[in-house]
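*Asks:* Sequence first, then the predicted structure:
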Amino acid sequence: MQLGRTLAAMPSSGIRDTFNRIAGMPDVINLAPGEPNFPTPPHIVAAASRAIEAGHTKYVSNAGLLELREALCRKLKAENGITVDSDEIIVTHGAMGALYSAFVGLVDPGDEVLLPDPAWPNFAMMATLRSAVIKSYPLAAENGFLPDIDALEALVSPATKLLLINTPLNPIGSVIPRARMAALLDFARAHDLWLICDEAYEALTYTDCFVSAAALDHRDRLIGVYSFSKSYAMTGWRIGYMVVPRAIAPVFADLQEAMISCASTPGQWAALAALEGPQDVVAEMREAYSARRQLALDVLSQFGVTAHPPDGAFYLWIDIHGAGVPSRVFANTLLETVRVAVVPGLDFGPGGEGYVRVSLAAAPEALREGLARLGQCHARFAAEAGAPGAIANR
C-alpha cells in the first residue's frame, strides 16, 4: 500500500524531530521548545473543570461557542482595533487549525503561494498537502527580517493565490510595523491575492510597533489567525480562532464539520475564562520573556556571539556564521557534546542557514548555562574554521 502523493511529499518538522530526539536523553538543557514554560493559569483550568462538571461536553456550533465568539469580538476591538461581529469569527483546533482551514478553503492544486523564508515549517507542510506551488520570499537580516515589497513583486505571477505573513515572526521575533503592513495589504490588493496573517504571538511583544493586519482595512481579502496557546500558556488545549470576511464565514464554519466538527467544548469554556479573567498573567509572562531576552543577549555577548534582538515572540535568532559549520552540524554537536538542544536554522528554510533558534521559554538559570555552553561551542568551531564567516564558503 502506498501513501497519497501529497502526504509522501510533505516535509517533516525539524522542530518535532528535535523534540523527539531529546525525549529519551538525560540531563539535556532544552532551549528548543516553542511553548511557554509556565503552567496554564489556575482560573482557566478551574473554568474547564466547572464546564465538564456542568455537562458542557457535547458538540457546539461548527463556528464555536457563541459566548466565546462574542467575547472575542470585545477583545479584538479593545486590543487589536478590529471591529467584527461574532459570525465573522471561527473557533478552531488551535491556530494550526485556522491556518490549515485557510489553505483548504482558498488554495487549489497548482496555485502559487508566497511563504516567508525562514519561517515556521508547518506553513510549507500545509501548502504541500494542498499541492500548492511554494514561492519563498526572503526575510533578510539587512531588511530587519521583514517582508520586502520589491522581493514579493519579483515572485508574484498570475498563478499566485495568496500571501502569508507572520507577525511577530517565528523563529526570529521580528514585528511588521504599520507602514510595512499597509504596503503588504496594498500589494495583496494590487495582485488580487488573499492575505493570511498569522498573529499567534500578538500578546508577546516588547515594543509598540505591532499592528494587526485587519486593523488596517482590506478585510475583504484578509484572514487573521490567532491563538490562546502562547498568550495564556494553553498549547495543549488546542484553541485558536480566525477572523474571516463575512461573505465566506458560513463556508469556513461548514469546513470545520469536515475537519474537526468543532473545537473542544471544555477548551472553549476555558478560553472564555482566559479572556474574562485577570490579564496580569499575560503581562507577567511577557515581562519574564523580556527579562530573559536581555539575559540571553548579555550572555552571548560575552562570547562574541550575536543575535537578532526580538521585538516579539519568545525566541532568539542566533548568528553562527562565524562557527564555519552548517546549522545542523552545529546543533547536533551542541546536543551530543554538551547536552544543549536548539533548533537548526535550516529547519526553518534555506534562508535560516547560518543561524540557530533558541527558545526563551526556559528557566533563567537554564538559559544562562545553555547559552554559555553554546558560546563555548561556537568558539571551538570558529577556532577550527580559522576565519569568521567560513560557512558562507561551504
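*Replies:* Done, it's in. Numbers count the residues shown, from 1 in each chain.

*Asks:* Alpha carbons of the strand or helix carrying residue 269, as CSV, please.
*Replies:* Per DSSP states H and E: residue 269 is located in helix 265-276. Extracted C-alpha coordinates of helix 265-276, given in CSV (Å, rounded to 0.1, in the frame of the first residue of the first chain):
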residue,chain,number,x,y,z
THR,A,265,-16.1,22.4,24.1
PRO,A,266,-14.5,22.4,27.6
GLY,A,267,-11.5,24.0,26.0
GLN,A,268,-13.7,26.8,24.6
TRP,A,269,-15.1,27.5,28.1
ALA,A,270,-11.6,27.6,29.4
ALA,A,271,-10.7,30.1,26.6
LEU,A,272,-13.7,32.2,27.6
ALA,A,273,-12.4,32.3,31.2
ALA,A,274,-9.0,33.3,29.8
LEU,A,275,-10.5,36.3,28.1
GLU,A,276,-12.7,37.4,31.0
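
*Asks:* buried ones in that helix?
*Replies:* Going by neighbour count (16 or more other C-beta atoms under 10 Å), the buried part of helix 265-276 is 265, 266, 267, 268, 269, 270, 271, 272, 273, 274, 275. Just so you know, the C-beta spots here come from the backbone N, C-alpha and C atoms, and that holds for glycine as well.

*Asks:* now swap in stretch 346-360 and tell me
*Replies:* Those would be 346-349, 351-360, for stretch 346-360 by 16+ other C-beta under 10 Å.

*Asks:* related to what we said a few turns ago, just checking, what packs against the helix holding residue 269?
*Replies:* helix 42-53, helix 66-75, strand 239-243 (3 or more C-beta pairs under 8 Å, 6 or more residues apart in numbering; DSSP states H and E).

*Asks:* Need these in CSV (columns: mean neighbour count and distance to residue 26).
*Replies:* Shown next, in CSV, are these (neighbours: other C-beta atoms under 10 Å; distance: least, C-beta to C-beta, whole Å):
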stretch, mean neighbour count, distance to residue 26
helix 42-53, 16, 30
helix 66-75, 18, 42
strand 239-243, 26, 34
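
*Asks:* could these go into a markdown table alongside mean pLDDT?
*Replies:* Shown next, in a markdown table, are those (pLDDT from 0 to 100):
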| stretch | mean pLDDT |
| --- | --- |
| helix 42-53 | 98 |
| helix 66-75 | 98 |
| strand 239-243 | 98 |
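
*Asks:* Would you convert the ones you listed into a markdown table that also reports distance to residue 307?
*Replies:* Formatted as a markdown table, these follow (distance: least, C-beta to C-beta, whole Å):
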| stretch | distance to residue 307 |
| --- | --- |
| helix 42-53 | 32 |
| helix 66-75 | 32 |
| strand 239-243 | 29 |
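
*Asks:* so which of the buried residues of stretch 346-360 comes closest to residue 235?
*Replies:* Within the buried residues of stretch 346-360, the smallest distance to residue 235 is 12.4 Å, found for residue 359 (C-beta to C-beta).

*Asks:* so the closest one bridges to which residues?
*Replies:* Beta-bridge partners for residue 359, by DSSP bridges, are residue 315.

*Asks:* Grab the nearest non-local neighbour of residue 256.
*Replies:* residue 62 (4.3 Å; C-beta to C-beta, 6 or more residues apart in numbering).

*Asks:* my guess is that neighbour contacts residue 251, does it?
*Replies:* No: using C-beta atoms under 8 Å, residue 62 makes no contact with residue 251, being 10.6 Å away.

*Asks:* who's more crowded, these two?
*Replies:* residue 62 (20 against 10; other C-beta atoms under 10 Å).

*Asks:* Tell me if that one really is in a helix.
*Replies:* No: Residue 62 is assigned coil when assessed by DSSP: H, G, I helix; E, B strand; the rest coil, not a helix.

*Asks:* Pick out the residue nearest the middle of the chain.
*Replies:* Centroid check for the chain by C-alpha atoms, centre = their mean gives residue 170 as the closest residue, at 4.5 Å.

*Asks:* Can you read off the pLDDT for that residue?
*Replies:* If you check residue 170, the pLDDT there is 98.

*Asks:* for it, what are its contacts?
*Replies:* Contacts for residue 170 (C-beta atoms under 8 Å, 6 or more residues apart in numbering) come out as 34, 119, 120, 200, 201, 313, 315.

*Asks:* Okay, the residue nearest to residue 256 and residue 281: tell me how far apart.
*Replies:* 30 Å (C-beta to C-beta, to the nearest Å).

*Asks:* Residue 37 and residue 361 touch, don't they?
*Replies:* Yes: contact criterion C-beta under 8 Å: residue 37 and residue 361 qualify, at 4.6 Å.
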